[in-house]
Structure formats: C-alpha cells, structure tokens
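Undergrad: The amino acid sequence is not available; the structure is as follows:
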C-alpha cells in the first residue's frame, strides 16, 4: 500500500509541474503578444502548442500509460473472402408446357393485332378531322381572297356535314371508311379550289 501512495504522490508532483509550466507558457505568450508586431500569427502558433500539451496530458492515464483515442486509433483492415457454392433450386412447376406456351403466344399476338387496328383506325379518323379543320382555317385565311362567297359557303357546308358525320355516325367506323371519307373531302376541295 505504501508503494501505491508514493507513486500517486510522484504523479501528482508531475502534474503540478506541468501546470506551472503551462502558466509560464501563458505568461510568456502574453509578453510575446505585447512586444511582437506579428501578434496574430504568433498567437496561433502558441495556441496550437498549448492544445497539443493539453491533449498529451489528457491522453495520459493516472498510472502513466497513454490513452489512445478511439477515433485516432487505426482500425485493423478486414479482408473479405468470397466463397462460391453451387446452389440447386427445385421447383414444383417446371414452367409452361409447349401447348400452354403456344396458347399464350397466340393470345398475345391477337392482343397486339387488336391494338394495331385500333391505333390505325384512330389515325385515319384524326386525318379526316385534321383535314377538315385545316381547310376551314385556310378558307378564312389564305384562300379567302381567291374564292367567291357562294363557293366558299358551299364548301363550308360540305365540311360541316363531314364534321357532323365524324362525331355522330362516324364515331366508331372502320379504318377504310375514314380513308374513303378523307379521299372524298380531298376531291371536293380540289374541284372547288381549281
């Protein structure tokens, strides 16, 4: 028990000496700051050394051993090793039979064909509608100066009939009917505009 009290007494004396040295350093710093023309740079240097001394004091345990900060302590490098093992998977169902696969493919092809027909029909209908609106705009714009009023009224009546048919009876017609109506409207416009 005597040995441990002596060692702590020695440690306490060391701590007191360090505190005295720090006080001397602080007083020296103040003197240097007063006399030095470049006070800012000197102040930084002395503060950094004081911080280092404080850190070294705080990193020492009471028994004199050094304490290592966990953030500073180097972590051991881990090596990863990949091992490939064969994996066998069994399933209750192996997949589609040839007959089921063929039936599913036929259904898919039928749906694709139906979608294509619907898209083509919509494009033909839009072509008729686009032509009617485009010609009507031209009759009141660019072509207004070149047409007689009677011809213009007759052609506008034809365009109105086509538009009415398009939204009533012609709402869900086949692609070929839309193409025929578009051709007829084109022919009438060529005859009137010539």
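TA: Ah, there it is. None of the values given here were measured: they were computed from a predicted structure. Residues are numbered from 1 along each chain as shown.
Undergrad: Was I right to think residue 159 contacts residue 134?
TA: No - contact status for residue 159 versus residue 134: not in contact, 10.2 Å apart, counting by C-beta atoms under 8 Å. Yep, even glycine has a C-beta here, placed from its N, CA and C like the rest.
Undergrad: Which of these two has more residues huddled nearby?
TA: More neighbours surround residue 159 than the other of residue 159 and residue 134, with 19 against 10 (other C-beta atoms under 10 Å).
Undergrad: Can you classify the more buried one by secondary structure?
TA: helix (DSSP: H, G, I helix; E, B strand; the rest coil).
Undergrad: Quick check: pLDDT value at it.
TA: pLDDT recorded at residue 159 is 90.
Undergrad: residue contacts, it?
TA: Residues near residue 159 by C-beta atoms under 8 Å, 6 or more residues apart in numbering: 132, 135-136, 185.
Undergrad: how about the strands of this protein, start to end?
TA: Read by DSSP state E, the chain holds no strands at all.
Undergrad: for it, longest helix please?
TA: For the chain, the helix with the greatest residue count under DSSP state H is helix 98-139.
Undergrad: same for that one, what does it pack against?
TA: With contacts defined as 3 or more C-beta pairs under 8 Å, 6 or more residues apart in numbering; DSSP states H and E, helix 98-139 has these neighbours: helix 149-167, helix 175-193.
Undergrad: the inter-axis angle of that helix versus helix 175-193?
TA: Here the directions of helix 98-139 and helix 175-193 differ by 20 degrees (axes from the mean of the first three to the mean of the last three C-alpha atoms, to 10 degrees).
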